[in-house]
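Undergrad: the following block contains a protein sequence and its predicted model.
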Amino acid sequence: MPDPFVFKKVLYLVEVTGRRARTLDELLRALSVVPAESVGYHMHREFLAYKFAPIEYPNDFAYWSAKVLGDDILAESLASLRVFKHRTLDGLRQELMRLIGEHLIEVPAASKLAAPPDREFHFLQARSVVMDCNRTARNLEELTGALAEVESSSLYFHLFETRFGGGRGRDNDFAEWIRSSMGDEDLAARVANVDPYMFSLEQVRRSLLKIFLERKAA
Amino acid sequence: MAQQWTPQPGPSLDAYRPVVGDRTIDELYRLAAKLRGKRVQHVNATRAGGGVAEILNRLVPLMGELGLNASWDVLRGEDEFFRVTKSFHNAIQGEPLELTSADYEIFLKWNRLNGREIDLHGDFVVLHDPQPAAMIEKRSASGAQRYIWRCHIDASNPHRGLWAFLERFVRRYDASLFSAPQFTQKLPIPQFLVAPAIDPLSDKNRPLPQEQIEAVLHRHGIDPSRPILTQVSRFDRFKDPVGVIKTYKLVKETNDCQLVLAGGGASDDPEGAQVLAEVQAAAGQDPDLHVLLLPNDAHIEINALQRASTVILQKSTKEGFGLTVSEGLWKGKPVIGGATGGIPLQILDGVTGYLVYTPEGAAFRARYLLNHPEAAAEMGRRGIEQVRQNFLLTRNLRDYLMIMQTCSSGDRRITL
């Protein structure tokens, strides 16, 4: 009997790292020394927040570049970063540094941009408490039922939080479980291809449910 | 003697379920399970007046309901101590003040005196704001206790000499809590970010019958049929009450409206009376301008004034967090706030209200909202949800439970 899928959720307790940046040079320097988990936090935390409108920029680095520094070119570059192509947070950090470094060479004026004193980029990180949602699934039907009901922080946990666990690249938890426990490679691939960066958590929930329902109907 | 203060029992945790949902309350019980029986001791400077006392009045009983042994001690002090701590408060928020060695001596004298009178027995001792910060000197050598310093004010640009003095004490704590990242300083201890929160079931925030709201307006001679701009805050220069009067006068040039400036004093704020006199002088004899000095327990009065308002203002020039913003949002009102301190964390600019820098900016936004009531109503609806998700007491309680868990275990990731 395969292990059931155990729905979990995560609560964050946020702390400062003590590193902050007013310019891109400072951002680059801080990026090289902050804990890797700070990079992960700033990449994903926006998805956990309640939203009144679609997310404009998918990560804090892109948002700060656009809204605080007014550097829309860098913001575009940072927003389009394919986070999960990287196997580790350190790999992701290197890619961020490469994009910012190259931008500073290509657009020298960018190094003159500075945030106002109260709009600095504060590097944060989170301590986390992981809890069971008291929902498990042993088959696709149960997975569908539970997915429809669990809180959005559970979706966040299974889509984002576990991706860099163990220092290896992996698909989201749903795809991993479908592959390993159900042996359904085709369904796992479809689930893995849902791009959480393009949707709110509720939209991802609807997309996954649609895929599961189509699979059951097939 | 310093006093142990026992808050009146309030609504039970179950009463919050209809407001925040079962999952949120169940989460609290699960987080508290490993902390049952632990002694959590809060220490602050006042039992009434200001956001800290309001939060503790609810947080302490709710921690008790979760099985923690929670208590609250209030510092004793005479005028000299509160004069100095008020200066410290202002200097931490960036006011250029001359602090003398006598001021520091007075601060230490009263901290040591309170340190002798208050038995710091908690497994977790939470000292709030600078007033009791030096009581860390009383920490026992065993190291079993966890000391947490909760800074509710904006320490982003403090008086350097004062900060150097306080930092000697703060660095000896196990952890510190700040309301926003920009308030933090370089410290060798963890600095957690914990936004304060409002209690949706308190007299200040619970729903009120319309008759009760109108009775309050009637009592103060406020016309319920005409637009009302309201700022609720202590009479404190950082809240810019005189700037709010200027805003009102600018709005009044084009739109009929009334202004309510309502606030109380706090026992640790000797400057309030002076600021109130300045505000009354600026208000003059305008019958539509109501300056209300309310007692500290006038919670229903404040609630009614906020619910009757068309637009809420919190035009601070310096702010710790500015919980009156969340109070206003929770009443379904658009809030115009100064872009300072914790206000930008609460107002989503253009979504739940507006962030402004000047009386003119506040007037421009207020005129827009008075002329577009449908936009104001939509902002109000979003504001309620914004507060429900982020600034209710249950979230604050959850953060404290997580901090105690992480301070106990030292683990960055805890699985329950």
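TA: Structure received.

Undergrad: got the residues of chain B near chain A?
TA: Residues of chain B lying close to chain A by CB under 8 Å from any CB of the partner chain are B:23, B:27, B:30-31, B:156-157, B:178, B:181-182, B:184, B:186-187, B:190-193, B:339-340, B:348, B:351, B:382, B:385-386, B:389-390, B:398-399, B:402-403, B:405-406, B:411-416. Placement of C-beta: from N, CA and C, glycine included.

Undergrad: restricted to buried residues, select these in ChimeraX.
TA: The ChimeraX selection below is limited to those of the residues of chain B next to chain A classed as buried (16 or more other CB atoms under 10 Å in any protein chain shown):
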select /B:27,31,156,157,178,181,182,184,187,190,191,192,193,339,340,348,382,386,390,398,399,402,403,405,406,414
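
Undergrad: take the residues of chain B next to chain A and keep only those in helices.
TA: Members of the residues of chain B next to chain A lying in helices (criterion: DSSP state H): B:23, B:27, B:30-31, B:382, B:385-386, B:389-390, B:398-399, B:402-403, B:405-406.

Undergrad: other residues contacting stretch A:142-150?
TA: With contact meaning CB atoms under 8 Å, 6 or more residues apart in numbering or on different chains, stretch A:142-150 is reached by A:5, A:7, A:9, A:133, A:135-137, A:155, A:174, A:177-178, A:205, A:208-209, A:212-213, A:216.

Undergrad: what helices and strands are in contact with the helix or strand bottoming out on mean pLDDT in chain A?
TA: None of the helices or strands of chain A scores lower by mean pLDDT, DSSP states H and E than helix A:36-48, at a mean of 91. If you count contacts as 3 or more CB pairs under 8 Å, 6 or more residues apart in numbering or on different chains; DSSP states H and E, helix A:36-48 packs onto strand A:5-21, helix A:60-63, helix A:89-106, strand A:121-137, helix A:152-156.

Undergrad: how far does that helix sit from its chain's centre?
TA: The chain centroid and the centroid of helix A:36-48 are separated by 6 Å, computed with CA atoms, centre = their mean, to the nearest Å.

Undergrad: next: stretch B:327-337.
TA: 15 Å.

Undergrad: cool, stretch B:212-228 as well?
TA: Worked out by CA atoms, centre = their mean, stretch B:212-228 lies 26 Å from the chain centre.

Undergrad: name the residues of it that are buried.
TA: B:213, B:216-217, B:222, B:227-228.

Undergrad: determine which residue lies closest to the centroid of chain B.
TA: In chain B, the C-alpha nearest the mean C-alpha coordinate belongs to residue B:51, at 3.1 Å (CA atoms, centre = their mean).

Undergrad: ok, now chain A?
TA: residue A:44 (3.5 Å).

Undergrad: ok, and the closest non-adjacent residue to it?
TA: residue A:160 (4.5 Å; CB to CB, 6 or more residues apart in numbering or on different chains).

Undergrad: surely that neighbour meets residue A:204?
TA: No. With contact defined as CB atoms under 8 Å, residue A:160 does not count as touching residue A:204 (10.2 Å).

Undergrad: between these two, which contacts overlap?
TA: Common neighbours of residue A:160 and residue A:204 (criterion: CB under 8 Å, 6+ apart): residue A:196.

Undergrad: okay, strands next: where are they in chain B?
TA: All strands of chain B, identified by DSSP state E, fall at B:3-4, B:39-44, B:69-74, B:124-128, B:146-151, B:175-178, B:191-193, B:228-232, B:258-263, B:289-293, B:311-314, B:335-338, B:353-356, B:413-415.
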